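Colleague: 3D model of this:
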Amino acid sequence: MGQSTDNPGLVIHSVLGGSDHDLYYIYPKSRNPIFEDKVLSQALLIYWYVSSLKYEKQLYAKLYYSSPTATKPDKIDYTFVFNASH
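Modeller: Alright, predicted model coming up:
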């Protein structure tokens, strides 16, 4: 639901294993090349750090919206959970 000028955004970036095969992994986001570059660079930093750890890991994302009728998230928090027993 966003604007006709929006791009699809992956809740979990493809660099981190995100997929666009299921619509619930996609959200509308504004087109902004600077934002795109920033998101990719952050995803790459997370990937390089997390992949260097030899633990089983799970990634969770929580989207925050400014109101119940908002169609674009204002913020996305990511949490990694590591299982060091494997």
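Colleague: Could you pull up the contacting residues of Val39?
Modeller: Applying C-beta atoms under 8 Å, 6 or more residues apart in numbering, we find Val39 in contact with His13. The C-beta positions use only the backbone N, C-alpha and C, and glycine is treated the same way.
Colleague: ok, now with 10 Å
Modeller: Gly9, Leu10, His13, Val15, Lys29, Asn32, Ile76 (C-beta atoms under 10 Å, 6 or more residues apart in numbering).
Colleague: Buried members of these into PyMOL, please.
Modeller: The PyMOL selection below is limited to those of the contacts of Val39 classed as buried (16 or more other C-beta atoms under 10 Å):
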select buried, resi 9+10+13+15+29
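Colleague: now the contacts of Val39 as a markdown table including pLDDT and distance to Ser67?
Modeller: As requested, those are exported to a markdown table (pLDDT from 0 to 100; distance: C-beta to C-beta, whole Å):
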| residue | pLDDT | distance to Ser67 |
| --- | --- | --- |
| Gly9 | 77 | 19 |
| Leu10 | 75 | 23 |
| His13 | 72 | 26 |
| Val15 | 75 | 30 |
| Lys29 | 77 | 17 |
| Asn32 | 71 | 21 |
| Ile76 | 82 | 16 |
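Colleague: now the contacts of Val39 as JSON lines including distance to Leu59 and secondary structure?
Modeller: Listed next are the contacts of Val39 as JSON lines, based on distance: C-beta to C-beta, whole Å; DSSP: H, G, I helix; E, B strand; the rest coil:
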{"residue": "Gly9", "distance to Leu59": "16", "secondary structure": "strand"}
{"residue": "Leu10", "distance to Leu59": "12", "secondary structure": "strand"}
{"residue": "His13", "distance to Leu59": "10", "secondary structure": "coil"}
{"residue": "Val15", "distance to Leu59": "11", "secondary structure": "helix"}
{"residue": "Lys29", "distance to Leu59": "19", "secondary structure": "strand"}
{"residue": "Asn32", "distance to Leu59": "24", "secondary structure": "coil"}
{"residue": "Ile76", "distance to Leu59": "12", "secondary structure": "strand"}
